[in-house]
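> Attaching a predicted model along with its sequence, questions to come.
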Amino acid sequence: MPEEASVPIDSMSGFEFEELVADILARLGYGQVEKILFTQDEGRDILLRSPQGLIVVECKHQPNSGIGRPIVQKLHSAVISSNAAKGMLVTTGHFTNEALDYARKLANSGTIIEMVDKRILADLAMKAKVRLVSGGEGLNVWTWAVPAQADTKKAVGEYLQSVVESHPRVPSSLVVNDQRSVWYRPLYLIIYDVSAIFETSVGVIHRESVKGASLVLDGNTGQVHSSKEAQFLKSEPQVLLATSIAVYPNDLPTFKIDATTLLKTAKRTIIAAHTKTIRYVGRNNQTYHRVCEPSEREVHIRDIRQVHLPSLKIDFQILQTPYQMEAIHARSGRFLTLSTDVTHCRICRKAVERKAILCDICGRVTHSGGFFLGRIHGFRCGKCRRTTCRIDGQWRRKMFLFKELLCPACAQTAKSKGKRVNMFESL
Ligand SMILES: [Zn+2]
Ligand SMILES: [Zn+2]
Ligand SMILES: [Zn+2]
């Protein structure tokens, strides 16, 4: 990830902290995780394979507390017993003077134990482009500047082109009186990995593995947003709000969810999304189903970002008919429609599934097709192909069952030739 990641550390579990440390050290080129050693007191040490040999890393996630000499002694024996090149003791707290003295003595006698306290860890993390957030500090807030209104109008036109048909004029040329308002929605963008293996007596039945997946939660309610939006946000370059705050309004909405609740909600959501029921055949040839649910430790949160997402409310008219749209428009030009009434028929108010007909006379969007008069909401003129709604159009009987549907101009022509034309009845 080229941009900086930020992670709240206070609410992390010991396991998550170990993963974070391993991630930071790997990014800095210390080495790759070789394996995890389980220690007697139910703790774990990470074994890194580095160019200089093995490094045993012991992590103590104990903010505000002092790490004493016994922990250094314990790590020393782990270094000796695993024949490692050196040890690293990493903590979110601090070391007692006794512990530091002891580490110095060990160094003099040839065993290096690198002592990494909260401050040094924060420095290392910064080098790895990870900002550790603790206490009352806020996470980084990201956003982007919205494109010019003329560009948004163009994007709306392109969107219309993809959902409605009109003739002879193209939909984008019929947009008038467009107005745009911008508001900033507080969202959390969470980037995570899942790595879980599920085994039974017949062996591995399922591997759940994703890297750099994204999840978006509402900053006020914690609600999960659409995966389309998460995908959009993840791949859109953002800027740190602090660096360009003058561009944005002062009354930005605030985030109401605290870090602990956020992490809990995120983990729960991620676990639910990656829980699958797997069918497998047992040794006795019977079919079984097993729910494979990743545990909290198998979910690794890599980055949490507060995003003030610029969202657009766009009011516009197509000819005389008013429409609304909510959308996201990014600097890259990408445009995502969140909601709009363009896809609803103005005759019956129901959603239009296939491409809709846009009346070239009034700008109403309608359903197309239908054989019975009552079912026709919009059509193409039988003479000139102009797209027309039933309110503006007329019809005439051609043969016994066959009807011809006409735009106002062609109806006028038919009338002037003495043919009988009819209005559609209102529905
Ligand atoms: Zn309709
Ligand atoms: Zn019309
Ligand atoms: Zn016509």
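The structure has been received and is ready for your questions. Ligands and ions are numbered 1, 2, ... in the order given.

> contacts and neighbour counts: CA atoms only from here.
Fine.

> From L358, how far off is the residue of the stretch 201-350 of the chain found nearest ligand 3?
Sorted by distance to ligand 3 under Cα to the ion, the residues of the stretch 201-350 of the chain start with L319, at 18.1 Å. With distances taken as Cα to Cα, to the nearest Å, L319 is found 10 Å from L358.

> okay, these two: which has more neighbours?
Between L319 and L358, counted using other Cα atoms under 10 Å, the more crowded position is L358 (33 against 18).

> pretty sure the more buried one is touching V163, no?
No - L358 is not in contact with V163 according to Cα atoms under 8 Å; the separation is 9.6 Å.

> Just want the most central residue of this protein.
The centre of the chain sits closest to A230, judged by Cα atoms, centre = their mean, with a distance of 1.6 Å.

> For that residue, give me its contacts.
Residues touching A230, when contacts are defined by Cα atoms under 8 Å, 6 or more residues apart in numbering, comprise L189, S214, L215, V216.

> Equivalent analysis for V224, please.
Contacts of V224 by Cα under 8 Å, 6+ apart are L215, V216, L217, D218.

> For ligand 1, see how far away the residue of the stretch 101-250 of the chain found nearest ligand 2 is.
Using Cα to the ion, the closest approach of the stretch 101-250 of the chain to ligand 2 is made by S166 at 11.2 Å. Here S166 is placed at a distance of 16 Å from ligand 1 (Cα to the ion, to the nearest Å).

> For burial, what's the neighbour tally of that residue?
S166 is surrounded by 24 other residues when neighbours are defined as other Cα under 10 Å.

> What sits closest to it if chain neighbours are left out?
Taking Cα to Cα, 6 or more residues apart in numbering, and ignoring the residues beside it in sequence, S166 has L358 as its nearest neighbour in space, at 5.1 Å.

> Ok, T277 next?
In space, and not counting its chain neighbours, T277 is closest to V291: 4.3 Å by Cα to Cα, 6+ apart.

> Starting from the helix or strand harbouring that neighbour, tell me the next helix or strand along the chain.
V291 is part of strand 287-292 when elements are defined by DSSP states H and E. Proceeding C-terminally, strand 287-292 gives way to strand 299-318 as the next helix or strand, assigned by DSSP H and E.

> Pull the distance from that next one to the chain's centre.
The gap between the average C-alpha position of strand 299-318 and the chain average comes to 9 Å, counting by Cα atoms, centre = their mean, to the nearest Å.

> in the strand ranked longest in the chain, what's buried?
Looking only at the chain and at elements set by DSSP state E, the strand with the highest residue count is strand 175-200. In terms of neighbour count (16 or more other Cα atoms under 10 Å), strand 175-200 has its buried residues at 175-176, 178, 180, 184-194, 196, 198.

> Good, wrapping up.
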